[in-house]
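>>> The sequence isn't on hand, but the structure is:
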């Protein structure tokens, strides 16, 4: 679905260069874990969905480390 052109580290997260993504920044970047989950689901995440890192390592964006949660569910982990 989304082809990642490049990965960059910014702060606690990794960002993927995906210029045509509807939620990309003006420079074309989207959180990598979001792209991994969207590619797995073959759809965009809904506004109330997040890709949550199971092991809390925000650089571990393997699908096995990601859960699809609602924003409300994610808030309970914080």
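Okay, I see it. Quick caveat, the model's predicted, so the values are computed rather than measured.

>>> Could you check how far whichever helix in the chain runs longest is from the centre of its chain?
Under DSSP state H, the helix in the chain containing the largest number of residues is helix 32-41. For helix 32-41, the gap between its own C-alpha mean and the chain's C-alpha mean amounts to 6 Å (Cα atoms, centre = their mean, to the nearest Å).

>>> mean confidence score for it?
Taken as a whole, helix 32-41 carries a mean pLDDT of 98.

>>> next one: stretch 51-65
97.

>>> Now for the residue nearest to the spatial centre of the chain: which residues touch it?
Closest to where the C-alpha atoms of the chain average out (Cα atoms, centre = their mean) is residue 34, at 1.7 Å. Residue 34 sits next to 23, 45, 51 when contact means Cβ atoms under 8 Å, 6 or more residues apart in numbering. Backbone N, C-alpha and C define where each C-beta goes, glycine included.

>>> go on, residue 71?
Residue 71 neighbours (Cβ under 8 Å, 6+ apart): 48, 49, 50.
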